[in-house]
Each structure stands twice: as structure tokens, then as C-alpha cells.
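Colleague: Here is a sequence with its predicted model. Questions after.
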Amino acid sequence: MIHHAQRFVDVILPLPLPGKFTYSVPEEMNGELQPGVRVIVQFGKKKFYSALVHRIHNDEPTGYEIKSVETILDKQPVVHPELFEFWEWIASYYHCSLGEVMKAALPSGLKLESETRVIFNPEYETDKDELSSREHLLLTFLRNRKISSVSDLNRADQKGNAYSVIKSLLNRGAISVEESLRSGYKPRTETYVRLAEEYSGESQLTELVDDLSRAPKQQELLMRFLEYTRFGSVEALEEYNKKLLLKKVGTTTATLNTLIQKGIFESVERRVDRISQYAGNIRDGFELSLAQEKAYTEIEQHLEDKQVTLLHGITSSGKTEIYIRLIEKYIQEKKQVLYLLPEIALTTQIVQRLNQVFGDKAGIYHSRFNDAERVEIWNKVLNFNPESDENQYQVIIGARSSVFLPFRFPGLIIVDEEHENSYKQFDPAPRYHARDAAIVLSHLTGAKVLLGTATPAIESYYNALTGKYGLVELSERFQQIELPKILTADLRDAYKRKQMRGHFTPLLFEEIEKALEAKEQVILFQNRRGFAPFIECKTCGWVPKCKHCDVSLTYHKHNNSLVCHYCGYTLHHPSNCQACGSAEITTKGFGTEKIEDEVSLIFPDARIARMDLDTTRARKSFEKIIHDYDSGKIDILIGTQMVTKGLDFQNVSIVGILNADNLLNYPDFRAYERSYQLMAQVSGRAGRKRRQGKVIIQTSEPDHHIIQQVIENDYTGMYKGQLAERKHFKYPPYYRLIGLVLKHRDKRELERIANQLGSMLRRSFRNRVLGPEDPVINRIQTWYIKQFWLKIERDISIVSAKKKLQEILDEAKTQPGNSGVQINIDVDPM
Ligand code: ADP
Ligand code: ZN
Ligand code: ZN
């Protein structure tokens with residue numbers, strides 16, 4: 001007799017709990033389980049989760065009662081196990097649980113949680129004697145209700161755990177569970193029609209056409225079918241999409257059904273991709289200019305011996321064309337390529353450009369896709385086969401989270417606009433930075449990383465100059481068009497002389513007017529959405545604030561409401577001051593909506609569009625705005641930072657920065673670096689084709705050194721200045737930062753705990769601790785907030801520092817009276 005040793009699996013549960021969890025493997029599942037497949041397991045008294053198998057082994061854990069795996073969900077792994085090493089790095093570096101990484105990594109279609117519903121099968125014929133008493137009880141319960149959740153069934157069960165009973169009832173066919181338990185994803189099918197086998201010969205076909213002459217509608221349908229499948233296509237097709245056929249011919253389903261009933265046509269169900277297919281033309285990559293060619297060669301050389309290379313190329317120098325050339329190379333080597341973008345606003349144009357060269361080989365992965373589409377791309381990436389000639393997604397264009405896609409043959413990761421802070425996830429954990437994660441992934445997989453930008457992050461440029469990364473400089477624009485001319489307009493002066501028209505200085509106003517006359521386009525950048533940041537009572541100074549957060553409410557004119565941009569709390573605009581009753585309430589400051597309003601009054605003939613969070617909620621809205629602007633249907637585009645990044649338009653001659661002061665005055669050690677990046681980037685949208693563009697920066701500090709550096713395109717000057725400050729004040733890249741965010745519903749309690757934690761931290765970390773202090777917004781969604789910063793020297797082990805930190809936090813949390821506090825750790829906060 002062969003004795004099977006009892007097997008165990010360690011699984012990752014989608015929970016913010018440290019470590020992995022061990023379950024035993026029932027005899028009948030032996031041999032079916034492998035790392036990377038999903039299983040259903042019970043955790044806690046009532047809850048069931050889909051977990052990922054991490055490891056299979058024979059080591060029986062001791063000290064607790066071990067439960068067994070309930071069900072296996074996959075035959076093939078949905079994550080290849082080599083990827084776990086990457087997940088583990090994320091969890092350890094960003095200080096979170098593997099389960100949180102799993103949650104961030106898997107598309108939700110692959111994550112099942114336990115509020116699954118169980119459905120009674122009315123066709124099931126009960127054989128009372130066959131059922132156990134528990135089965136009978138549960139089935140009766142379910143028959144009365146038709147449908148019920150697992151937790152309700154648990155409550156109804158004699159032993160309080162219905163899972164095994166549900167399973168046996170499932171096996172009997174007495175019940176079914178909602179599809180979402182088995183998998184959240186269902187392939188989509190469409191109907192195709194084809195000619196029956198017996199009509200495949202020419203003569204039979206001719207005869208058939210003749211036969212149908214008495215049924216002209218059917219005859220026409222047949223003829224058109226032949227036209228589309230044989231003559232209208234490059235290759236002869238076997239079958240044709242039914243819906244499309246009916247639409248093109250303009251006939252009814254009845255006609256087609258008759259042909260099917262006569263046995264002339266057959267209909268077949270075909271699984272189709274939800275992801276749309278590229279149908280445009282394919283072109284070769286452009287020939288590179290001399291300067292581009294040189295940069296390309298340098299990149300290739302650096303990537304020979306460096307894992308990472310930074311391409312510092314000014315705006316419109318043709319970085320994208322260089323990426324395209326590089327992608328081509330990796331495609332030929334049968335490798336997969338990931339093209340990371342900071343924001344979906346950008347994907348429209350990039351996807352278009354990549355599709356033109358790579359056709360269907362390039363696909364997108366982003367948050368605006370629904371679950372099913374994302375699962376589909378996930379699987380395509382997972383199943384990429386370098387040996388196959390079939391058309392496969394080989395280049396994925398995606399935002400932050402696509403760094404988690406299960407690439408098995410990654411060759412190249414491009415991080416476009418690498419300086420962008422939207423690569424950093426703020427909430428929830430893992431608070432990872434996609435650029436940095438991509439670099440670690442490359443070390444684990446051997447893929448190469450190309451960072452590209454006109455305005456590198458200080459940290460990246462530092463790494464390049466110190467030899468950690470390769471560095472390639474590209475300092476001429478394509479076709480040697482000059483960088484735009486940048487002028488300042490003095491706001492303080494213009495206000496004093498009463499020359500302002502709304503928020504427009506005379507200079508900006510005149511330049512816009514000239515551009516419109518010359519049929520050229522304008523971009524206006526204002527870093528705030530909404531109509532006005534807040535409203536104020538003219539009599540007493542009352543300002544309406546959010547009930548839950550410590551911020552004033554933003555006025556949105558289009559629906560006459562006051563909205564909190566942190567929690568969404570909304571009020572109707574009051575007609576009277578709530579403090580003194582005065583009817584005189586004015587708006588203060590301005591956002592994109594107000595600018596749009598003013599522009600439509602000042603330039604009544606201009607066609608205007610606005611691009612910000614409020615106008616781009618719908619899935620295709622970006623595409624529409626960008627397309628309309630690109631094709632000249634819009635003269636003036638007004639936007640938040642969405643308009644500053646990477647967009648490539650042909651006909652923009654004027655860029656206006658409406659207020660540089662609120663960029664520069666933001667209280668953060670990166671404010672100057674960011675101001676430089678934003679202004680340089682938005683300037684870069686001007687004059688990309690044909691001739692030099694112009695940028696007007698409105699500011700009350702025209703002599704500010706950052707503004708001067710933007711004007712002179714002096715990235716190096718900005719870099720050196722900022723680096724000196726960073727060194728002096730102990731910030732990255734010289735020091736590592738760890739942020740701690742404390743939240744509590746009670747203000748006093750928070751203060752007490754923060755002070756207590758402060759002294760605990762100082763005992764170990766001494767003067768490396770900054771805080772507790774109030775963040776810019778110190779109350780969000782009814783939570784009061786305090787923060788700390790730890791500045792850790794580069795040569796101190798970050799691992800032991802984090803370990804020490806965790807010990808202190810654990811201690812602080814268990815002190816009497818401290819249970820109401822929430823503490824988040826943010827490594828490398830942005
Ligand atoms: P960047 O990404 O550096 O801002 P882009 O790659 O968007 O610059 O290039 C700017 C514009 O110049 C684009 O419209 C691009 O198509 C065009 N361009 C750049 N290089 C070439 C080239 N070698 N041949 C033809 N057009 C080019
Ligand atoms: Zn008042
Ligand atoms: Zn709020």
C-alpha cells in the first residue's frame with residue numbers, strides 16, 4: 001500500500017495580515033494543486049476567501065487546528081510563482097502584507113470575496129433518503145428563499161459551517177453558486193455564420209444561387225456573404241460575424257434564420273476578445289534624425305551593462321520615436337515590453353502612435369477597463385508564447401498597476417515621464433512607486449529599464465550622474481525647432497494698475513488674441529479644478545467648510561454647489577451667509593471652471609474645451625477632447641495638470657500658466673522641483689511643429705529663481721540648487737524618508753497619542769524624527785490627522801530601521817487607550 005504523506009499549502013490571503021497561512025490538502029486534491037492557482041479557504045469563523053497557493057509542502061504546522069482547502073478554482077496558475085519574489089519585495093520594502101500586494105496586483109475579476117450567493121435549483125428532484133440531515137436542512141432553507149448568501153447558510157447550518165454541505169449539494173446538482181464564485185470572469189461569445197459543408201464546391205454554390213432566385217432576399221444575403229468572405233477580404237474567410245452581416249446587408253434576422261433552417265448556413269458561437277482590435281494602417285517607425293540616432297545608440301550601449309538608463313530629452317525631442325525603435329528590437333527578440341505611463345490622459349495618443357507601428361501587438365491595460373477586459377489582458381500577458389507566430393499582445397501600455405502584470409518574458413520596461421508623482425500609490429497599501437518597482441522587477445527578471453523625461457526627478461538624475469544608471473542626453477527638438485520663448489507677466493503690477501481682465505494680464509490676453517486671429521491653438525493651465533476654491537461672506541468673512549475635513553468647500557458653478565475635493569461632501573450654494581445672514585457672498589480664487597467661464601466671455605468666438613477630473617469621468621472623454629483639439633475643432637484648451645504631460649499637438653502656439661505662485665508656494669520640500677517640472681512640461685506643449693511657440697507665465701514673483709530657470713531651460717541649474725538644499729535639510733536622495741500618518745476620530749486623543757509616539761520614536765531614532773505635525777489638510781472624512789517623518793541615512797539598513805519602527809508602533813498601539821488610532825507607514829513618500 002502506498003502511503004501518501006499529508007500535504008499542506010501555504011496560501012496568500014487578500015488581507016492586511018502579515019505572513020502566509022497554512023491549510024491541509026484533502027486527499028482527492030493531491031496532484032491538482034500547484035503554486036499560483038487560486039483556492040477557496042475558510043478564514044475565521046464565517047469567512048471564505050479565494051487565496052493564492054504560494055507553496056506546497058509536508059511540514060505540518062503546530063500550535064493550532066489546521067483547516068483544509070475547500071475548493072480549487074484554477075487548473076493553471078493565474079500568477080506564475082516566480083512573481084512571488086517581486087511581491088515579497090514590495091511587501092517588505094513598502095511595509096505591507098503580501099495579501100495587500102495580492103489585492104493590488106490581481107484584477108478584481110480574479111479576486112473573489114466571500115459574500116457569494118447560492119441559488120436553489122428548481123429542477124432538482126429530491127431523494128430524501130439520499131440526503132444527510134444537514135443537506136436536507138440546508139436545502140429546505142434554500143428552497144424557501146431561492147437564493148441566499150453563504151453567511152446566511154452558515155447561520156442556518158447545524159454546525160455553523162455550511163461549506164462542506166454546500167459543496168456536496170453542488171455535486172448533487174441541487175444548487176448552484178453565482179458565477180462570480182467560480183470566476184468573476186466569463187468569456188464573451190458572438191455568433192458567426194458559415195456556409196454548410198455541402199456547398200463548399202463551386203458548382204454546388206452556383207446551383208444554390210440559382211435555386212434561390214425565387215427568394216431574392218435570401219439570394220442577396222448569400223451573395224453579400226460571399227462577397228465579404230471571398231472577394232472583399234484579403235484572405236478567403238470561412239465565416240462572418242452575424243450581427244455585422246445583417247447590418248451591412250440591411251436585412252432581418254428572419255431571412256438569415258430561414259437560410260439556417262434550410263441547412264444552407266450554419267451558425268457558430270465564437271469566443272471573442274472584449275478588447276477592441278486595431279483596424280488602422282500600419283506604418284514603419286520613422287527614420288530617426290541624427291541626434292535621435294545617436295541617443296538610440298547610446299541607450300543600447302548603456303543597456304548592455306546597466307540595468308537602467310535615463311533618457312533626458314527635452315520636450316518634443318522625439319523620445320517616443322526612440323522608444324518605438326527600441327520596442328521594435330525587443331519584439332524581434334520575442335520579448336515582452338511594458339510601456340508605463342503616468343496617467344490615462346496620455347494613453348490615447350501614445351496608444352495611437354504605437355498601434356500605427358505595432359498594430360494589434362500593442363494593447364492597453366488601465367483602470368477604466370472593466371473587470372472582464374482586465375482579466376483578458378492579464379491572461380494574454382500570462383500566456384504569451386515566444387514560439388508562437390500568432391498575433392499576441394507583446395507590448396502593454398499601462399498605468400501604475402500594470403507593473404504587476406504576469407510577464408514571463410519581459411525584455412524592456414519603459415517608464416515614460418518618469419518624474420511624475422502619479423506613479424506613486426498613496427492609498428491603500430502597498431504605497432509603492434511604479435518606477436522603483438519596475439527597476440526592482442528588472443533586477444529580478446533581467447529585463448532592462450528605460451526611464452524617459454524632459455525633467456528628471458532629482459533622485460533619478462542623481463542616480464544617473466553617480467553612475468548607477470546610464471545617462472543619455474538629447475537636447476535638440478525634432479527638426480531643430482526652438483524651445484518656446486517664455487515670458488512672465490507680473491500679476492501684482494497688473495492688479496495694481498487695474499489692467500486685469502478677469503484672471504488675464506494684458507500680455508496673456510493679447511497673445512491669445514493674436515493666436516486666435518492666426519488660427520493657432522492655445523493651452524491654459526490652472527492647477528485647480530472647479531469654479532472657485534472657496535466662497536466668502538463679504539460682510540463677516542465667513543467661509544463654508546467641509547463637515548468632515550479641514551478644508552473649505554470648492555464652488556462648482558455648473559450645478560451651483562459646494563464640493564469637498566477630499567471626501568465628496570456636497571452642499572447647495574447658500575443664498576445667505578450662515579453666520580451673519582448677509583446676502584453678499586463672493587467667490588475667492590479660481591479654478592478651471594471659472595477660467596472657462598471667463599474665456600467664453602472675453603473670447604466669445606473661440607471654441608473652448610476643459611480637461612480636468614470633472615470633465616473626464618466618462619471612459620472615452622479623454623479621447624474625445626484630445627481628438628477634437630487635435631483636429632482643430634477647439635481653439636482653447638483649459639486644464640489642470642492633465643494638459644501638462646506628454647501630449648503632442650501640432651498647432652499650439654501659446655501656452656498660458658495662469659498662476660505660478662500657488663505652485664511655488666506649496667509647503668513641501670519638492671515644491672520647487674515640481675513647479676519647475678510642471679512649467680517646463682506645459683511649456684513643452686507649445687510650438688512642437690513648424691515654428692517656435694510662446695509661453696506666458698503669470699506670477700507675482702517674476703524674478704523667482706525657479707521661474708528664471710524655466711525661462712532659460714536650465715534643468716541643471718535647478719537640479720544643483722535643489723540638490724544642495726536636499727543635502728542641507730537631509731532629504732532624498734541623501735536620506736531615505738519614511739512617513740507615518742496617524743488618524744483618529746478624536747482630536748485630543750490623537751494629540752496625546754502622537755506626542756506619546758513622538759517620544760517613543762525619539763528614544764530610538766533620536767533627531768531623525770520630525771513631528772508630530774499637522775499635514776496641509778489636518779482632517780479628512782472625519783478623521784483627524786498627524787504626521788511624522790523619519791529621515792534615515794542611506795548607509796543605515798532600511799530593513800532594520802523598519803523592523804525597529806514596527807516594534808515601536810506595535811508597542812504604541814497596545815498602550816491603554818490607544819486602540820482607536822490608525823497608523824500608516826509610507827516609505828519614500830511623495
Ligand atoms: P517627446 O516625446 O520627446 O516630447 P515626440 O516623440 O512626441 O517627442 O516627438 C515630437 C513630434 O515630432 C511628434 O509628433 C513626432 O511624431 C515627431 N517626430 C519625432 N521624431 C521624428 C522622426 N524621426 N521622424 C518623424 N517625426 C518625428
Ligand atoms: Zn457673514
Ligand atoms: Zn470633506
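Modeller: Received, thanks. Ligands and ions are numbered 1, 2, ... in the order given.
Colleague: could you point out which element follows the helix or strand bottoming out on mean pLDDT in the chain?
Modeller: None of the helices or strands of the chain scores lower by mean pLDDT, DSSP states H and E than helix 179-182, at a mean of 40. Downstream of helix 179-182, the next assigned helix or strand under DSSP states H and E is strand 188-195.
Colleague: what does the stretch 501-650 of the chain put close to ligand 2?
Modeller: Cys537, Thr539, Cys540, Trp542, Cys577, Ala579, Cys580, Ser582 (Cβ under 5 Å from the ion). Placement of C-beta: from N, CA and C, glycine included.
Colleague: Point out the other elements, helices or strands, that the helix or strand in which Glu511 is found touches.
Modeller: Here Glu511 is covered by helix 506-517, with elements defined by DSSP H and E. Helix 506-517 sits against strand 485-490, strand 521-525, strand 652-657, strand 694-699, with contacts defined as 3 or more Cβ pairs under 8 Å, 6 or more residues apart in numbering; DSSP states H and E.
Colleague: same thing but 7 Å
Modeller: Counting contacts by 3 or more Cβ pairs under 7 Å, 6 or more residues apart in numbering; DSSP states H and E, helix 506-517 packs against strand 485-490, strand 652-657, strand 694-699.
Colleague: chain center to it, what's the gap?
Modeller: Centroid displacement of helix 506-517 relative to its chain, using Cα atoms, centre = their mean, to the nearest Å, is 37 Å.
Colleague: Dump the C-alpha coordinates for that helix into PDB.
Modeller: Taking C-alpha atoms only, helix 506-517 is exported to PDB below (Å, rounded to 0.1, in the frame of the first residue of the first chain):
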ATOM      1  CA  PRO A 506      -2.800  92.300 -20.700                       C
ATOM      2  CA  LEU A 507       0.100  90.300 -22.100                       C
ATOM      3  CA  LEU A 508      -1.600  86.900 -22.000                       C
ATOM      4  CA  PHE A 509      -4.800  88.400 -23.300                       C
ATOM      5  CA  GLU A 510      -3.000  89.900 -26.300                       C
ATOM      6  CA  GLU A 511      -1.100  86.800 -27.100                       C
ATOM      7  CA  ILE A 512      -4.300  84.700 -27.000                       C
ATOM      8  CA  GLU A 513      -6.000  87.200 -29.300                       C
ATOM      9  CA  LYS A 514      -3.100  87.100 -31.800                       C
ATOM     10  CA  ALA A 515      -3.100  83.300 -31.800                       C
ATOM     11  CA  LEU A 516      -6.800  83.100 -32.400                       C
ATOM     12  CA  GLU A 517      -6.500  85.500 -35.300                       C
END
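Colleague: Near the closest residue to Pro533 other than its chain neighbours, how many other residues are there?
Modeller: The shortest distance from Pro533 to any non-neighbouring residue, by Cβ to Cβ, 6 or more residues apart in numbering, is to Gly589 (3.9 Å). Gly589: 19 surrounding residues under other Cβ atoms under 10 Å.
Colleague: mind listing what Gly589 touches?
Modeller: Ala532, Pro533, Phe534 (Cβ atoms under 7 Å, 6 or more residues apart in numbering).
Colleague: and of these, the nearest to ligand 3?
Modeller: Distance ranking of the contacts of Gly589 against ligand 3, using Cβ to the ion, places Phe534 first at 12.9 Å.
Colleague: thinking the closest one is in contact with Ser552, fair?
Modeller: Yes - using Cβ atoms under 7 Å, Phe534 is in contact with Ser552, at 3.7 Å.
Colleague: Isn't Val41 up against Val25?
Modeller: No - using Cβ under 7 Å, Val41 makes no contact with Val25, being 10.9 Å away.
Colleague: if I look at those two, which residues touch both of them?
Modeller: Shared contacts of Val41 and Val25, counting by Cβ under 7 Å, 6+ apart, come down to Val69.
Colleague: quick one: which of the helices and strands packed on helix 506-517 is nearest ligand 1?
Modeller: Proximity to ligand 1 (Cβ to the nearest ligand atom) singles out strand 652-657 among these, at 11.8 Å.
Colleague: near ligand 1 at all, that closest one?
Modeller: No - for strand 652-657, no contact with ligand 1 is found by Cβ under 6 Å from any ligand atom; the gap never falls below 11.8 Å.
Colleague: re earlier: quick check: buried residues in the helix holding Glu511?
Modeller: Across helix 506-517, burial judged by 16 or more other Cβ atoms under 10 Å covers Leu507, Leu508, Phe509, Glu511, Ile512, Ala515, Leu516.
Colleague: Which of those sits closest to ligand 1?
Modeller: Ligand 1 lies nearest to Ala515 out of the buried residues of helix 506-517, by Cβ to the nearest ligand atom, at 19.6 Å.
Colleague: Once you drop chain neighbours, what's closest to the closest one?
Modeller: Ile654 (4.5 Å).
Colleague: Break down the stretch 401-550 of the chain into its helices, ranges please.
Modeller: Secondary structure of the stretch 401-550 of the chain, counting by DSSP state H, counting those that start in this stretch: helices at 434-445, 458-465, 491-496, 506-517.
Colleague: would you turn those helices into CSV with distance to ligand 1 and mean pLDDT?
Modeller: Conversion of the helices of the stretch 401-550 of the chain to CSV gives the following (distance: least, Cβ to the nearest ligand atom, whole Å; pLDDT from 0 to 100):
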stretch, distance to ligand 1, mean pLDDT
helix 434-445, 17, 97
helix 458-465, 16, 98
helix 491-496, 29, 92
helix 506-517, 20, 96
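Colleague: and the helices and strands packed on helix 506-517, which is most packed in?
Modeller: Here the criterion is mean neighbour count by mean count of other Cβ atoms under 10 Å, and of those the winner is strand 652-657, at a mean of 26.
Colleague: so what does that strand touch, helix or strand wise?
Modeller: helix 506-517, strand 521-525, helix 671-683, strand 694-699.
Colleague: Give me the angle between it and helix 506-517.
Modeller: 150 degrees (axes from the mean of the first three to the mean of the last three Cα atoms, to 10 degrees).
Colleague: For strand 652-657, the averaged confidence score.
Modeller: The average pLDDT within strand 652-657 is 94.
Colleague: Identify the neighbouring strands of that strand in the sheet and state each direction.
Modeller: Strand pairing for strand 652-657, using DSSP bridges, gives strand 521-525 (parallel), strand 694-699 (parallel).
Colleague: The residue nearest to Pro533 and Ile808, how far apart?
Modeller: 41 Å (Cβ to Cβ, to the nearest Å).
Colleague: now Asn30
Modeller: To Ile808, Asn30 is 45 Å away according to Cβ to Cβ.
Colleague: Please identify which of these two sits among more neighbours.
Modeller: Of the pair Asn30 and Ile808, Ile808 is the one with more neighbours under other Cβ under 10 Å, namely 17 against 13.
Colleague: for that one, what are its contacts?
Modeller: Met760, Leu761, Ser764.
Colleague: did I read that right, it in a strand?
Modeller: No - Ile808 is assigned helix when assessed by DSSP: H, G, I helix; E, B strand; the rest coil, not a strand.
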